[in-house]
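Novice: Predicted structure and sequence below. I'll ask about it afterward.
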Amino acid sequence: MKKTTKATIAAVAAGTLLIGGAGTLALWQAEDNVDAGTVTTGHLELTTDGEGVWTDASPDASTTTFDLVTDNIVPGDTVEFNQTVTIDAEGKNIQGALTVGTVGAVPADLETYVTIALDVDASAEGITEAGGVLTFAAPGVYEVPVSITVTFDEGAVGTTPNTTMDEPIDLTQLTLTLDQIRS
C-alpha cells in the first residue's frame, strides 16, 4: 500500500474514533427566553453633612466647651466630636460596619499616647448594633449619631516625653467608612 493511502485510512480511522468517543452528535437545538424578571442591586451610602460639635469629655473638665482654635489638649484629656451622619441603606440583607480612619491624623511622636475611637449611637430608630455591625430594619435612610473621641493618655508623672509637646493632631484627616458586611 502506498504511504498516502495508509495516511488516508489512518486519518479516517482517527476521525471515526474521535466522533465515536465524543458520544452522539445532536443536530437539533432549541432555545427560549426565561421570563424571570429583573433584579436590581441595592446601595449603601454615607453622608456627613452638617457640622459636628467638639466638647471636652475629660472626667475633671471644668466646662464641656472645647474650641479647636484656642484650646489645646494635654496628657489626661479626652475631647469628643459629635455629629449625626446619614446612612442610606437599600438591600434585602444589608448590614454595615462604620469605622473611623486615622491615617495621617496623629504624628509619629504621639502615636503611642493618643488614641482615636468611634462610638455609634445604635439607638437610632430602625438600627440595631451587635459586635460593631449595624443592621437596618428595612431599606431606607437613617440618621445616626456618632461620636469620635480623641484621648491623650495620662501615664505616670514624667513618663510622657517632651517630644509630645506642641504637636498638631490633624483631625481633618479623619475619615468615616461604612463597609457592607455579610455575617
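Specialist: The structure has been received and is ready for your questions.
Novice: How far does stretch 175-183 sit from its chain's centre?
Specialist: Centre-to-centre, stretch 175-183 and its host chain are 3 Å apart (C-alpha atoms, centre = their mean, to the nearest Å).
Novice: let me fix that: stretch 47-56
Specialist: Stretch 47-56 has its C-alpha centroid displaced from the chain centroid by 20 Å (C-alpha atoms, centre = their mean).
Novice: next one: stretch 82-89
Specialist: 14 Å.
Novice: ditto for stretch 105-122
Specialist: Its chain's average C-alpha position is 18 Å from that of stretch 105-122, according to C-alpha atoms, centre = their mean.
Novice: what comes up buried for that stretch?
Specialist: Taking 16 or more other C-beta atoms under 10 Å as the basis for neighbour counts, the residues of stretch 105-122 that come out buried are Ala105, Val106, Leu110, Tyr113, Val114, Ile116, Leu118, Val120, Ala122. The C-beta positions use only the backbone N, C-alpha and C, and glycine is treated the same way.
Novice: What lies in contact with it?
Specialist: Contacts to stretch 105-122, defined as C-beta atoms under 8 Å, 6 or more residues apart in numbering, come from residues 75, 98-100, 102, 128-129, 134, 144-153, 155, 160-161, 163-164, 167-171, 173-174, 176.
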